[in-house]
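just the structure for this:
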Amino acid sequence: MILSLADIVAIYAVVQLLSLTAVSLNYKKGKLLSSRLLAGFMASNALLIGQYLLTHLHIISHEKLTLIYSIGTSSYLLLMPFLYLYILSLCYSDFRLKKIHLLHLAPFLAVTLFSFIMNFLINQEKIASTAFLSRGGILHSEFLIRRILMHIQILSYLIASVIALASYRRNLKEMYSSVEKIDLAWCNMLLAGFTAMWSLDVLSWLLASMRLISFITQYWLFVSSLLINLSFTLIVTFRGLIQSESFSGIQEFPKYISSRLKLTDCKEIIQKLTAYMKNEKPYLKPSLSVEDLTKSLNIPAKNLSQAIHTILNKSFYDLINSYRIEEVKQLMLNPGYKNQTFLALAYNAGFNSKSVFNSAFKK
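Residues are numbered from 1 along each chain as shown. Model prediction:
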């Protein structure tokens, strides 16, 4: 038996993915739920690539090991649900799996069951094989419908993941004055890698369906998709485990619609906050969080955040950085700091990132 390049890459990918699944399942540090969801993503990915490999090597088909074949062909529908739930678990410390989350498995289970039934019927010759296999027949129609639904599902989850990360970053700025190390920017690379892999699969499928590309071109698109898949999977595993260990996420920030805080209460909180900022200068601490201020001022985090939004129309992040900018301006006027660079002044004022200082200064 001669293995092609795609077969070799697929074998390597399956071995790596199964190894990473084992690592994630046995990783005891950090947030265990995140590690478990990451393991689910890896295992689903291994199942998807393994199905291609076993089918290509004629080990399974719709006639042999029908259930395994049906599960494998539907496993693409597991990738984004696991990835989406994994991102949510990274974002929020109070995220827990609930019974309603089982609905994320519904498309996979439905397509697997439908595919198995159709394959079983043709194997029992209860459906004419010519009608089942021919272009425009039952199998072709089932394959087409499954493909369309699969790509709609993936696109929907990609959009939902981007929205979830954007919401997390907004909430993050309500609680921290420095967010560079915890804004999950590496998740953008994760989603970009998955999007690139998925886009190649869609492109290959569409062009092949319209007979606009040769088999060789389709083959190299598939190999490229495999390599991208493996690359971003390796990155996300090691980066994800580190992130899970170093930061457990935030609590989802409450809305103010049901709040009973009055406008006069908000004004009193801002007066107290302003006096504290002027006298104690807590913003000089680079890692200052809203929790630090709530302890010092004895004000609930929700009330403090609402007062900042209502009276000052700012997020906690923007408010603290505005104080730091004012501190930089004062240091610039101080003869004792005349020989220091702008960056040194920024660090003295509480900034811990050149890019954040530049952005805040221009703003």
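
when you work out contacts or count neighbours from here on, use the C-alpha atoms and nothing else.
Will do.

is it true that Y76 touches L149?
No: using CA atoms under 8 Å, Y76 makes no contact with L149, being 10.9 Å away.

give me the more crowded residue out of those two.
Neighbours per residue (other CA atoms under 10 Å) separate Y76 from L149, with Y76 holding more: 21 against 14.

mind listing what that one touches?
By CA atoms under 8 Å, 6 or more residues apart in numbering, the residues touching Y76 are 44-45, 48, 150.

pLDDT score assigned to it?
Model confidence at Y76, given as pLDDT, is 86.

any idea how far it lies from F194?
Using CA to CA, to the nearest Å, we find Y76 at a distance of 12 Å from F194.

wouldn't K338 be in contact with K329 here?
No: with contact defined as CA under 8 Å, K338 does not reach K329; the gap is 11.7 Å.

which one of those two has more residues nearby?
K329 (16 against 12).

quick one: find the helix or strand in the chain with the lowest mean pLDDT.
helix 129-133 (a mean of 50; mean pLDDT, DSSP states H and E).

in the protein, which spans are strands?
When assigned using DSSP state E, the chain turns out to have no strands.

so which residue is dead centre in it?
I87 (3.9 Å; CA atoms, centre = their mean).

which residue sits closest to that one, ignoring its sequence neighbours?
S161 (7.2 Å; CA to CA, 6 or more residues apart in numbering).

same deal with S225?
Once flanking residues are discounted, S225 sits nearest to M197: 4.9 Å by CA to CA, 6+ apart.

let's see the pLDDT reported for L65.
81.

any idea how far it lies from F194?
From L65 to F194 the distance is 29 Å (CA to CA).

cool, and L172?
Computed as CA to CA, the L172 to F194 distance reads 25 Å.

which one's more surrounded, those two?
More crowded of L172 and F194, by other CA under 10 Å: L172, with 25 against 22.

wait, that one touches L184, no?
No: the criterion here is CA under 8 Å, and L172 misses it with L184 at 10.5 Å.

shouldn't L207 be in contact with I213?
Yes: L207 is in contact with I213 according to CA under 8 Å; the separation is 5.9 Å.

in the stretch 201-350 of the chain, where is pLDDT below threshold?
Scanning the stretch 201-350 of the chain for pLDDT under 70 picks out 236-259.

any idea of the mean pLDDT for stretch 177-184?
Averaging pLDDT along stretch 177-184 gives 75.

just the CA trace of it, in CSV.
Output of stretch 177-184 as CSV, limited to C-alpha atoms (Å, rounded to 0.1, in the frame of the first residue of the first chain):
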residue,chain,number,x,y,z
SER,A,177,-7.3,49.4,33.7
SER,A,178,-4.8,47.1,32.0
VAL,A,179,-6.2,44.5,29.6
GLU,A,180,-3.4,43.6,27.2
LYS,A,181,-2.5,40.3,28.8
ILE,A,182,-6.0,39.1,29.3
ASP,A,183,-8.0,40.3,26.3
LEU,A,184,-7.6,36.9,24.6
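
before we move on, the earlier item: how much space separates the residue nearest to I87 from M189?
S161 is 12 Å from M189, by CA to CA.

the two: who's more crowded?
S161 (23 against 14).

who's in contact with M277?
Applying CA under 8 Å, 6+ apart, the residues contacting M277 are Y283.

any idea how far it is from A346?
Distance from M277 to A346, by CA to CA: 17 Å.

cool, and E174?
Applying CA to CA to E174 and A346 gives a distance of 22 Å.

try T55
For T55, the distance to A346 - CA to CA - is 60 Å.

compare the two (neighbour count), which wins?
Between T55 and A346, counting by other CA under 10 Å, A346 is the more crowded of the two (24 against 17).

how about that one: what's its closest non-neighbour residue?
A346 sits nearest to V328 (CA to CA, 6+ apart), 6.0 Å away.

what's in contact with stretch 341-355?
Stretch 341-355 has contacts (CA under 8 Å, 6+ apart) with 178, 283-286, 321, 324-325, 327-328, 331-332, 337, 357.

gap between the two ends of that stretch?
15 Å.

so that it lines up with my notes, have the first residue be 50 from now on.
Got it, the first residue is 50 from now on, which makes the last one we talked about stretch 390-404.
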